[in-house]
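Asks: my questions are about this predicted structure, shown below with the sequence.
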Amino acid sequence: MIRDILNKLDQILLEKSRGLLYRSAGDNFFQGPKDNPTAEIAFDTAEYYPSMPGAYADYNEMAAVGQELFKKYPQISWFNKPTNASKAFAILTFDGPAKGQKTYFGKFFNEIKQDMTGFWKNSELPGGWQLNKTASLKGSYYKLKPSDIFPPDSTFSTPEACVAELAKNPKQNTAVPKIMPGMEQLLAGQFPVFENVGDMASAVRDDLGETIGPIALVQGMNMGAGAEAARKYILGPTGKYAGSAINFPASKINGLVDSYLYHPSGIEIGISSKGEDGATASIKNIADGVNRAREKGMDKLLDQYADQIKVIEEVGKLASKDFPLVLGIRQGLIDQATADTIRKMIDSNAQTINDVPMDATTMGTISKLMSEYKPKPNPRYNAGYHTLAILARHVVTNINKDPKFGEAALKFLNIAPIIQLHLNSSDKGGNLAVTGFTSKYPPDFKGTVGLDASKVYAATGTNGRVTFAYNGGGNTDTDVEVTPASVDDTASVKASTRDLEPELKRSNLTARGEKKPQDTAAFGRKRR
């Protein structure tokens with residue numbers, strides 16, 4: 001029995017992560033409504049050029065191979081455009097949509113690795129094709145997370161206003177009409193039954209559950225012992241959730257929290273349905289815990305982690321460009337002159353270390369940092385950002401080596417006014433019945449927390465602030481390495497073989513211009 005469950009879980013995880021390059025022959029893809037598709041195709045083969053692992057010597061060799069190979073394909077829909085760094089590609093062949101017809105898709109890569117799992121996602125076929133598998137449909141077709149069904153950072157004064165907005169269906173989600181009868185039951189104070197949802201059940205349970213939970217709390221429904229304990233501790237013995245506004249924040253900056261209740265007293269209560277390994281805790285999640293400790297007069301805890309609190313608050317207050325420089329000086333990795341020179345290199349868009357005057361000592365420090373990794377070719381390359389990315393890696397690694405830092409972050413995360421809420425259900429005959437919720441308070445996040453700069457710093461710029469990587473599996477290794485950004489152009493492009501030939505013949509292709517990432521909001525978050 002246990003083995004069957006584990007095997008099923010393995011299949012679900014594999015289905016979600018392996019992507020298009022590892023599909024099985026006959027896997028069905030459709031266009032249009034799932035129940036009445038306008039067209040269907042079936043997976044046949046995936047071919048790598050060159051074979052795995054490998055890459056052509058340079059772009060020109062790849063283009064020469066491609067020119068000959070593409071002659072046998074009448075038309076290919078390309079997911080991306082080639083760049084100077086492109087030295088490999090893959091072609092997928094499908095049967096259909098007409099009988100006897102073949103359909104082809106291609107994607108360029110910098111290289112073909114030994115394992116290409118996840119390098120071409122199931123949802124990335126040009127033309128809106130959807131993989132007809134439950135695990136894939138949940139996120140790419142049904143789309144029932146708050147960010148999928150409401151405008152960004154939506155706040156609703158009442159549960160009725162929330163459901164009314166859902167009924168308007170501002171994002172034209174085809175799954176919404178099926179769930180509306182259940183949401184009306186919820187407004188009546190009943191745990192809803194969603195009828196005839198079929199393979200949409202997991203999307204309702206896991207994704208729509210993030211909307212059902214806060215509505216049920218404000219409605220005063222029985223949400224379990226944890227929610228009741230939170231009510232008494234956060235709002236006082238006679239306090240109630242009723243009257244709270246419901247906010248669904250921008251998911252990228254709120255980490256473990258899926259929604260907030262804005263209580264009339266001014267208190268914000270976070271609600272989390274996440275707890276899986278690899279989730280990201282936001283600076284707000286942990287800073288809320290620090291603020292809560294101050295409000296409750298937990299002086300002993302605050303004194304114990306005073307140095308760690310200083311770093312936690314600097315993560316939120318310092319601009320992304322300043323964080324590695326300020327902390328790098330404090331850690332003795334660089335001096336003030338080096339920090340000033342890195343800023344000048346960034347501001348002047350220096351392409352080499354020689355583009356900005358500097359003394360021999362500073363040049364030695366910067367040269368050593370830049371030599372630690374060779375970034376991929378990119379027209380937006382900046383030698384200053386290249387140096388900053390390496391410095392950020394060292395700063396974050398040093399912080400994570402302090403055992404008290406991860407310990408402090410986890411403790412304050414578990415002090416924060418966050419209720420962990422998980423929807424319980426039964427699924428019979430295609431009907432999903434919500435049977436209640438399991439709730440925890442104080443939150444019980446286990447494992448480790450460490451800083452993660454891997455998605456923030458690259459040789460082309462910065463993207464937001466350092467985040468807190470949360471590992472619920474108890475892994476004590478929080479030595480997080482920086483990962484240079486890829487230069488693959490991931491915009492979908494459909495091109496015939498004739499359209500593509502001029503691109504392949506060019507010897508110096510450049511990636512299309514992209515807007516420079518902007519820093520996220522300052523420490524904390526603005527209330528609407």
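Replies: Received, thanks. Numbering: from 1, shown residues only.

Asks: please enumerate the helices of the stretch 301-450 of the chain.
Replies: For the stretch 301-450 of the chain, applying DSSP state H, counting those that start in this stretch gives helices covering 306-317, 322-330, 336-347, 360-370, 383-401, 403-415.

Asks: how about the last one: buried residues?
Replies: This points to helix 403-415. Within helix 403-415, the residues that count as buried by 16 or more other Cβ atoms under 10 Å are Phe405, Gly406, Ala408, Ala409, Leu410, Lys411, Phe412, Leu413, Asn414, Ile415. Where C-beta positions appear, they are placed from N, C-alpha and C, glycine not excepted.

Asks: contact partners of it?
Replies: 256, 281, 285-287, 289-290, 292-293, 298, 301, 305, 307-309, 311-312, 399-400, 442-445, 447-451, 468, 470, 478 (Cβ atoms under 8 Å, 6 or more residues apart in numbering).

Asks: among these, which ones are buried?
Replies: 256, 281, 285-287, 289-290, 292-293, 298, 301, 305, 308-309, 311-312, 399-400, 442-443, 445, 447-451, 468, 470, 478.

Asks: rewinding a little: switch the helices of the stretch 301-450 of the chain over to JSON lines; also include distance to Asp427 and mean pLDDT.
Replies: Formatted as JSON lines, the helices of the stretch 301-450 of the chain follow (distance: least, Cβ to Cβ, whole Å; pLDDT from 0 to 100):
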{"stretch": "helix 306-317", "distance to Asp427": "41", "mean pLDDT": "87"}
{"stretch": "helix 322-330", "distance to Asp427": "46", "mean pLDDT": "94"}
{"stretch": "helix 336-347", "distance to Asp427": "54", "mean pLDDT": "96"}
{"stretch": "helix 360-370", "distance to Asp427": "54", "mean pLDDT": "95"}
{"stretch": "helix 383-401", "distance to Asp427": "41", "mean pLDDT": "93"}
{"stretch": "helix 403-415", "distance to Asp427": "32", "mean pLDDT": "86"}
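
Asks: looking at these, which is nearest to Ser265?
Replies: helix 403-415 (18.9 Å; Cβ to Cβ).

Asks: how far is that closest one from where the chain is centred?
Replies: 23 Å (Cα atoms, centre = their mean, to the nearest Å).

Asks: restricting to C-alpha, output it in CSV.
Replies: Extracted C-alpha coordinates of helix 403-415, given in CSV (Å, rounded to 0.1, in the frame of the first residue of the first chain):
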residue,chain,number,x,y,z
PRO,A,403,24.7,28.6,12.4
LYS,A,404,22.9,31.2,14.5
PHE,A,405,21.7,33.0,11.3
GLY,A,406,19.6,30.2,10.0
GLU,A,407,18.4,29.4,13.5
ALA,A,408,17.3,33.0,14.1
ALA,A,409,15.5,33.2,10.7
LEU,A,410,13.6,30.0,11.4
LYS,A,411,12.6,31.1,14.9
PHE,A,412,11.4,34.5,13.8
LEU,A,413,9.5,32.8,10.9
ASN,A,414,7.7,30.7,13.5
ILE,A,415,6.9,33.7,15.7
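
Asks: what about Gln351, how many residues nearby?
Replies: 13 (other Cβ atoms under 10 Å).

Asks: OK, contacts around it?
Replies: Gln351 touches Tyr381, Asn382, Ala383, counting by Cβ under 8 Å, 6+ apart.

Asks: which of these are buried, as a ChimeraX select command?
Replies: Buried subset of these, written as a ChimeraX selection, criterion 16+ other Cβ under 10 Å:
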select :381,382,383
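
Asks: now the contacts of Gln351 as a markdown table including distance to Lys71?
Replies: Converted to a markdown table, these look like this (distance: Cβ to Cβ, whole Å):
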| residue | distance to Lys71 |
| --- | --- |
| Tyr381 | 35 |
| Asn382 | 40 |
| Ala383 | 42 |
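
Asks: ok, Val176 touching Leu166?
Replies: Yes: applying Cβ atoms under 8 Å, one finds Val176 in contact with Leu166, separated by 6.5 Å.

Asks: mutual contacts of these two, please.
Replies: What both Val176 and Leu166 touch, as defined by Cβ under 8 Å, 6+ apart, is the set Ile149.

Asks: circling back: tabulate the buried residues of helix 403-415 (CSV), appending distance to Leu131.
Replies: Output for the buried residues of helix 403-415, formatted as CSV (distance: Cβ to Cβ, whole Å):
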residue, distance to Leu131
Phe405, 41
Gly406, 38
Ala408, 43
Ala409, 38
Leu410, 37
Lys411, 42
Phe412, 41
Leu413, 36
Asn414, 38
Ile415, 42
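
Asks: return the distance of Ala88 relative to Ala64.
Replies: 13 Å (Cβ to Cβ, to the nearest Å).

Asks: looking at those two, which is more packed in?
Replies: Ala88 (22 against 13).

Asks: please enumerate the strands of the stretch 151-300 of the chain.
Replies: According to DSSP state E, counting those that start in this stretch, the stretch 151-300 of the chain carries its strands in the segments 154-156, 193-194, 245-248, 259-262, 268-272, 280-281.

Asks: which stretch in those has the least confidence?
Replies: Lowest mean pLDDT within the strands of the stretch 151-300 of the chain: strand 280-281, a mean of 53.
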